[in-house]
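Engineer: Provided below are the primary sequence and the corresponding predicted coordinates.
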Amino acid sequence: MTRRNIFHLARGRATSNHFGVESDSLTGARLGAARRQANLTQRELASELGVTVRTLQNYEAGRFVPYRHMHRITSLLGCTVDWLLHGEPDTPGVVDVPIQ
């Protein structure tokens, strides 16, 4: 990874990072959409993950990708890691979630 890519990742503006995530902001948008579909508030999901509401807001804003909590998030929200990171369309239960 080049210094330029690292800079853009650190600033939350990556369009593709070294994990193959298409865009951190799209991952955050999918996270927020799946949370809303699961009828969870940010406070409830943050509590389940053991993070602050502000941290969850940063995840949903695409400032950070929650790799550490990925499997817990997907089990709570009923989606797959592939859908959350890449938007793979064959995810049961979350296929047509509109991203705002």
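Structural biologist: All right, it came through fine. Given the structure is predicted, the values throughout are model-derived calculations rather than measurements.
Engineer: Report pLDDT for His69.
Structural biologist: Note on His69: pLDDT of 94.
Engineer: My understanding was that it contacts Val51; is that so?
Structural biologist: Yes. At 7.2 Å, His69 counts as touching Val51 under the criterion of Cβ atoms under 8 Å. Glycine gets a C-beta too; all of them are placed from N, C-alpha and C.
Engineer: what residue ranges in this structure are flagged as low confidence?
Structural biologist: 1-23, 89-100 (pLDDT under 70).
Engineer: And the helices in it?
Structural biologist: With DSSP state H applied, the chain shows helices at 3-10, 24-37, 42-49, 53-61, 70-77, 81-86, listed in chain order.
Engineer: Measure how the third one sits relative to helix 70-77, angle-wise.
Structural biologist: To tie it back to what came earlier, the one meant is helix 42-49. Compare the direction of helix 42-49 with that of helix 70-77 by axes from the mean of the first three to the mean of the last three Cα atoms, to 10 degrees and you get 130 degrees.
Engineer: Just the buried residues of helix 42-49, please?
Structural biologist: 42, 45-46, 48-49 (16 or more other Cβ atoms under 10 Å).
Engineer: Thr74 against Val81, yeah?
Structural biologist: Yes. Between Thr74 and Val81 there is a contact at 5.6 Å, judged by Cβ under 8 Å.
Engineer: Between those two, which has more neighbouring residues?
Structural biologist: Thr74 (20 against 14; other Cβ atoms under 10 Å).
Engineer: give me every residue that touches the more buried one.
Structural biologist: 80-81, 84 (Cβ atoms under 8 Å, 6 or more residues apart in numbering).
Engineer: now do Gln42
Structural biologist: 35, 53, 56-57, 60.
Engineer: What is the nearest of these to Thr27?
Structural biologist: Glu60 (9.3 Å; Cβ to Cβ).
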